[in-house]
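In: below are the sequence and a predicted model for it; my questions follow.
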Amino acid sequence: MGMTEAILLTIATAATPLLIAAIGELVVERSGVLNLGVEGMMVMGAVGGFVIANLTGNPWIGILAAIALGALTSLLFGFLTLTLAANQVATGLSLTILGLGVSSLMGEKFVGQAGEKMGNLDIPILTDIPLVGPVIFGQDPIFYLSILLVVAVSWFLFRTRAGLTLRSIGNNHHSAHALGIPVLRYRYLAVMFGGACAGLAGGHLSLVYTPQWVENMTAGRGWIALALVVFASWRPARVLAGAYLFGAVSIGQLHAQALGIAVPSQLLTALPFLATIVVLVLISQNVRATLINTPAMLGRPFVPDR
Amino acid sequence: MKKLLIGLAGVAAMSLGMAASALAEDPMKVCFVYVGSKTDGGWTQAHDIGRQELQAHFGDKIETPFIENVAEGPQAEGVIERFARSGCEMIFTTSFGFMDQTMAVAERFPDVKFEHATGYKTAENVTSYNSRFYQGRYILGQIAAEVSEKGVAGYIASFPIPEVVQGINAFTLGAQSVNPDFKLKVVWVNSWFDAGKEADAAKALIDQGVDILTQHTDSTAPMQVAAERGIKAFGQASDMIAAGPETQLTAIVDTWGAYYIKRVQDVMDGTWESQSTWDGLAEGILEMAPYTNMPDDVKAMAEATEAAIVSGELKPFTGPVNKQDGSVWLEEGEVAEDGVLLGLNFYVEGVDDQLPQ
């Protein structure tokens, strides 16, 4: 395996958790709910996935546990913001803080233990194709799942009736309610999907990326995922592009350093964030396109008139 | 009247004495501020083991509360101040980036004794304590040069502070003492603890052809990546053998316990004084983990070097040493002064990197 393939593989691994968490949050935000607790749900998924995989010896069961725990954590958010109509920003922030605390507590006994690493798929013959072979056919299973998720979410949002309904709720929950659409039920499902995705992203971190559990191991990736959704102006394909751009810049700067390219490393470390800001500025130039995609009800609680 | 006064004074003295003895029975509060989690497997864990040894040594005579995951910088001041207010008689702040905050709080609480790790500022009630980690890194460099087949090692660095620069330079000098052409690739991750980023840096370095990894960051992720890719690596701050049973060559292990016990005893005896300590392998504030996964002759060389450093016969920063640009830093036989080392901000010749300024 040459260096280019190796770099591409590393980029894919770095981009996958961002992509999964962001695609989940995209669905949540399309339904008009802003859940800032991605980081918290992600870290819960990471600890849950690691602990269960460690106890059962099976990373697959670990991944399922990560998904379940992420969804369960998001239910708490759902109950507070949807049923009780609490402030979404405040609730989301507290969910992050809660997740970081609870995960530290849950994982205390498991710090430093050897993890159950999920192996890579290694499709014979196909992986031998130079350059694209190992990258496309020799990845971990979650990588394929992440690509599948983007396709599925894109199809669901823009090609199905349920997707149209979800988007209409995000644009005007009062009209949707007047039409007899169960707004809160849709939003609950969207929030849980977002939680499950964040949990899966966390599970990827603790079972594939760095198969170990350490406190706060998400290290801000949940926030990057949140930024990616805005960066992508709520379009799934752009989330995919953004996640890989982000991954490429963050891995590329490490390689630049190892090659001895004389650019200040602090600047290189900040590059992915600078790239995000630049793209944000660029897309904000096109106000109309941004407005069409922005869910108008984003962050506004909905209280059905009884 | 005179009698009455004497009597009153006596009563006052007695009650004061009683108060003092009552205070003495209260456990002394010795507080710790940690930059990471106490189970990080590296830096903070080493400090916490020291704290546990301290607690075990003095039993119920002391209490040792601690706060984990305190961010370096302005936020730390609030944490340190809260400790000072809560009746801590002694506060250990265990990261370089707590230095200015420790100094600021110390000024407001002159009766509290502060001990700051790895910095360079002191005051009447602030001691600075440090460990000569670079001694260990010199040994790592020698081992790397012996074990590496490609003659290139990868170095995952955190922040460009003197302690880290000392480490990079000592590693290079150690490696060059075995193989003058040895190359070192440095990657800065600008974090002490980010498992994902450290793993990415490890992968990048390995992809660029290094076959030995060493790190000055605190998670075991680089060790894990090295194990996965089948190369060798060195542990940092704690013995990381569990993360790479067939990968770790040795590790620099920080052993703070004895120092903590001594300093608390000093406070109890009333002999505590502000000072600036910088101990190393000889004083046992730093140990090498067992030399594993290497040929016997390399192990023998490492042990001989360690013994020479302990006896004081070998000092890693001894001339002739050139700076990176080729100009002379240390003349033949000249030993670097501590003052220069504590502010070290340049590389020695042979480091293949630009030092971030």
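Out: Thanks, I have it.

In: make it CA atoms for all contacts and neighbour counts henceforth
Out: Noted.

In: pretty sure A:Ala46 belongs to a helix, no?
Out: Yes. Applying DSSP: H, G, I helix; E, B strand; the rest coil, one finds A:Ala46 inside a helix.

In: mind listing the helices for chain B?
Out: Counting by DSSP state H, chain B has helices at residues B:2-25, B:43-58, B:75-85, B:99-108, B:133-147, B:162-178, B:195-207, B:221-229, B:257-269, B:296-311, B:338-342.

In: just the stretch 201-306 of chain A next, same as before
Out: A:221-231, A:236-258, A:265-284, A:287-293 (DSSP state H, counting those that start in this stretch).

In: may I see those arranged in TSV, with distance to A:Thr4 as well?
Out: Output for those, formatted as TSV (distance: least, CA to CA, whole Å):
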stretch	distance to A:Thr4
helix A:221-231	25
helix A:236-258	11
helix A:265-284	20
helix A:287-293	35
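
In: before we move on, back to that, okay if I get the helices of chain B as CSV plus distance to chain A and mean pLDDT?
Out: Below are the helices of chain B laid out as CSV (distance: least, CA to the nearest CA, whole Å; pLDDT from 0 to 100):
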stretch, distance to chain A, mean pLDDT
helix B:2-25, 33, 48
helix B:43-58, 11, 94
helix B:75-85, 17, 94
helix B:99-108, 21, 95
helix B:133-147, 18, 96
helix B:162-178, 14, 94
helix B:195-207, 6, 93
helix B:221-229, 6, 93
helix B:257-269, 21, 94
helix B:296-311, 27, 96
helix B:338-342, 22, 88
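
In: I'd like the ones you listed written out as JSON lines, with mean neighbour count added.
Out: Formatted as JSON lines, the helices of chain B follow (neighbours: other CA atoms under 10 Å in any protein chain shown):
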{"stretch": "helix B:2-25", "mean neighbour count": "11"}
{"stretch": "helix B:43-58", "mean neighbour count": "20"}
{"stretch": "helix B:75-85", "mean neighbour count": "18"}
{"stretch": "helix B:99-108", "mean neighbour count": "19"}
{"stretch": "helix B:133-147", "mean neighbour count": "26"}
{"stretch": "helix B:162-178", "mean neighbour count": "24"}
{"stretch": "helix B:195-207", "mean neighbour count": "25"}
{"stretch": "helix B:221-229", "mean neighbour count": "24"}
{"stretch": "helix B:257-269", "mean neighbour count": "16"}
{"stretch": "helix B:296-311", "mean neighbour count": "16"}
{"stretch": "helix B:338-342", "mean neighbour count": "12"}
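
In: got those as a markdown table, with distance to A:Gly202 columns?
Out: Output for the helices of chain B, formatted as a markdown table (distance: least, CA to CA, whole Å):
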| stretch | distance to A:Gly202 |
| --- | --- |
| helix B:2-25 | 49 |
| helix B:43-58 | 24 |
| helix B:75-85 | 28 |
| helix B:99-108 | 34 |
| helix B:133-147 | 35 |
| helix B:162-178 | 31 |
| helix B:195-207 | 12 |
| helix B:221-229 | 16 |
| helix B:257-269 | 36 |
| helix B:296-311 | 41 |
| helix B:338-342 | 40 |
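
In: list the contacts for residue 280?
Out: Looking at chain A here, since you left the chain open. Shown here is A:Leu280, whose contacts under the criterion CA atoms under 8 Å, 6 or more residues apart in numbering or on different chains are A:Val230, A:Phe231.

In: um, chain B though
Out: So B:Gly280 contacts B:Ser131, B:Arg132, B:Phe133, B:Gln135, B:Leu286 (CA under 8 Å, 6+ apart).

In: ok so, going back, show me the one of the helices of chain B that comes nearest A:Ala90.
Out: Across those, the minimum distance to A:Ala90, taken as CA to CA, is reached by helix B:75-85, at 21.6 Å.

In: what's the closest one packed up against?
Out: Packing contacts for helix B:75-85, counted by 3 or more CA pairs under 8 Å, 6 or more residues apart in numbering or on different chains; DSSP states H and E, involve strand B:28-33, strand B:90-93, helix B:99-108.

In: I'd like the ones you listed laid out as TSV, including distance to A:Val287.
Out: TSV is the format used below for the helices and strands packed on helix B:75-85 (distance: least, CA to CA, whole Å):
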stretch	distance to A:Val287
strand B:28-33	48
strand B:90-93	50
helix B:99-108	46
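
In: OK, contacts around the one residue in chain A that gets nearest to chain B?
Out: Closest residue of chain A to chain B, CA to the nearest CA: A:Gly260 (5.1 Å). Going by CA under 8 Å, 6+ apart, A:Gly260 touches B:Lys185, B:Val186, B:Asp352, B:Asp353, B:Gln354.

In: how many neighbours does the last one have?
Out: The local packing count at B:Gln354 equals 17, with neighbours defined by other CA atoms under 10 Å in any protein chain shown.

In: from A:Ala22, how far off is it?
Out: Distance of B:Gln354 to A:Ala22, given as CA to CA, to the nearest Å: 36 Å.

In: then the first one?
Out: If you measure B:Lys185 against A:Ala22 using CA to CA, the figure is 34 Å.

In: more neighbours: which of the two?
Out: Taking other CA under 10 Å, B:Lys185 and A:Ala22 do not tie; A:Ala22 has more neighbours (35 against 23).

In: so that one belongs to a helix, correct?
Out: Yes. A:Ala22: assigned to a helix according to three-state DSSP.

In: mind pulling the model confidence for A:Gly107?
Out: With respect to pLDDT, A:Gly107 has a value of 89.

In: could you do A:Phe246 as well?
Out: At A:Phe246, pLDDT is 86.

In: now B:Lys38: closest residue in space that isn't a chain neighbour?
Out: B:Gln45 (4.7 Å; CA to CA, 6 or more residues apart in numbering or on different chains).

In: I'd say B:Cys88 and B:Cys31 touch.
Out: Yes. Judged on CA atoms under 8 Å, B:Cys88 makes contact with B:Cys31 at a distance of 6.1 Å.

In: would you map the helices across the stretch 51-200 of chain A?
Out: Ranges of helices in the stretch 51-200 of chain A, per DSSP H, counting those that start in this stretch, are A:59-78, A:88-107, A:132-137, A:141-159, A:161-171, A:173-178, A:183-204.

In: the second one vs chain B: in contact?
Out: No. Contact of helix A:88-107 with chain B (CA under 8 Å from any CA of the partner chain) is absent, the minimum separation being 9.2 Å.

In: can you give me the buried ones in that helix?
Out: Judged by neighbour count using 16 or more other CA atoms under 10 Å in any protein chain shown, the buried positions of helix A:88-107 are A:88-89, A:91-96, A:98-104, A:107.

In: try the first one
Out: Neighbour counts over helix A:59-78 (16+ other CA under 10 Å) mark A:59-75, A:77-78 as buried.

In: re earlier: look up phi and psi at the residue of chain A closest to chain B.
Out: Note on A:Gly260: its backbone torsions stand at phi 80, psi 20 [degrees, to the nearest 10].

In: mind checking how far it is from A:Thr294?
Out: From A:Gly260 to A:Thr294 the distance is 42 Å (CA to CA).

In: distance check, the residue in the stretch 251-357 of chain B positioned nearest to chain A against B:Asn322.
Out: Among the residues of the stretch 251-357 of chain B, B:Asp353 lies closest to chain A, at 5.1 Å counting by CA to the nearest CA. When distance is defined by CA to CA, B:Asp353 is 15 Å away from B:Asn322.

In: got the contact list for A:Gly112?
Out: A:Gln212, A:Trp213, A:Val214, B:Thr39, B:Asp40, B:Gly41, B:Thr220, B:Ala242, B:Ala243.

In: and which of those residues is nearest to A:Gln253?
Out: Closest to A:Gln253, out of all of the contacts of A:Gly112 and judged by CA to CA, is B:Thr220, at 21.6 Å.

In: residues contacting the closest one?
Out: Each residue near B:Thr220 by CA under 8 Å, 6+ apart is listed here: A:Gly112, B:Gly41, B:Gly42, B:Ala195, B:Gly235, B:Met240, B:Ala243.

In: does B:Val351 have beta-bridge partners, and which?
Out: For B:Val351, the beta-bridge partners are B:Leu184 (DSSP bridges).

In: okay, now B:Gly343: neighbour count?
Out: 15.

In: what about B:Ser311, distance to A:Asn286?
Out: Taking CA to CA, one finds B:Ser311 at 70 Å from A:Asn286.
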